[in-house]
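A.B. asks: structure here, sequence nowhere to be found:
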């Protein structure tokens, strides 16, 4: 399956007035080297394993499969190559599109990223006023990179 997704920093908190309830995410990476990143994710009380093509940009292959929650919890504790990424995800409807806003916690606290999934790479969309700079082509903002090089380290001069 091909995913087309663009990422942006969030400029301010005005999106919160339009957001639905947040969902807690914990995701860890079993593999970040080679042609794919393999992650385990717990979203509230559901779990999955995800394989994403290891390329930077708006388009990449992605496969996702449900797994037992107990297995996911065990994998997050025993098999991850780095500390799992914690975040709360909110959804905001803007025009015909849904934005997913990730508010990171733990070692990535202070980082807020918005993502939009598109049907086509050149698909037009309404740009909300709270949207900041596009970071789709900046690897450091990808979750697997945040697991290995957390946002808090950037603040101390150790940018990836």
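C.D. replies: Cool, the structure landed. Given the structure is predicted, the values throughout are model-derived calculations rather than measurements.
A.B. asks: checking residue 140 next. Helix, strand or coil?
C.D. replies: helix (DSSP: H, G, I helix; E, B strand; the rest coil).
A.B. asks: I misspoke; the intended subject was residue 121.
C.D. replies: Under three-state DSSP, residue 121 falls in the coil class.
A.B. asks: contacts for the longest helix seen in the chain?
C.D. replies: Secondary structure of the chain per DSSP state H: the longest helix is helix 69-78. Contacts with helix 69-78, where a contact means CB atoms under 8 Å, 6 or more residues apart in numbering, come from 26, 28, 30, 40, 41, 42, 45, 46, 47, 48, 49, 84. Bear in mind the C-beta positions are built from the backbone N, C-alpha and C, glycine included.
A.B. asks: for the second one, give me the pLDDT.
C.D. replies: Looking at residue 28, its pLDDT is 96.
A.B. asks: partners of it in the sheet?
C.D. replies: Beta-bridge partners of residue 28, counted by DSSP bridges, are residue 40.
A.B. asks: what are the ranges of the helices in the protein?
C.D. replies: With DSSP H, the ranges of helices along the chain come out as 69-78, 143-148, 151-155.
A.B. asks: and of those helices, who's closest to residue 53?
C.D. replies: Among these, helix 143-148 comes nearest to residue 53, with 11.6 Å by CB to CB.
A.B. asks: what's next to the closest one, contact-wise?
C.D. replies: Contacts for helix 143-148 (CB under 8 Å, 6+ apart): 27-29, 32, 37, 39, 54, 80-85, 104, 108, 111, 139-140, 160.
A.B. asks: now a ChimeraX select for only the buried ones of the residues you listed.
C.D. replies: If you want just the buried ones from the contacts of helix 143-148 in ChimeraX, going by 16 or more other CB atoms under 10 Å, the selection is:
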select :27,28,29,32,37,39,54,80,84,85,104,108,111
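A.B. asks: measure stretch 52-69 end to end?
C.D. replies: By CA to CA, to the nearest Å, the extent of stretch 52-69 from end to end equals 20 Å.
A.B. asks: what residues of that stretch count as buried?
C.D. replies: Buried residues in stretch 52-69, counted by 16+ other CB under 10 Å: 52, 54, 58, 60, 67.
A.B. asks: closest to residue 128 out of these?
C.D. replies: Residue 128 has its nearest neighbour among the buried residues of stretch 52-69 in residue 58, at 18.1 Å by CB to CB.
A.B. asks: which residues touch the closest one?
C.D. replies: Applying CB under 8 Å, 6+ apart, one finds that residue 58 lies in contact with 4, 5, 6, 118, 121, 136.
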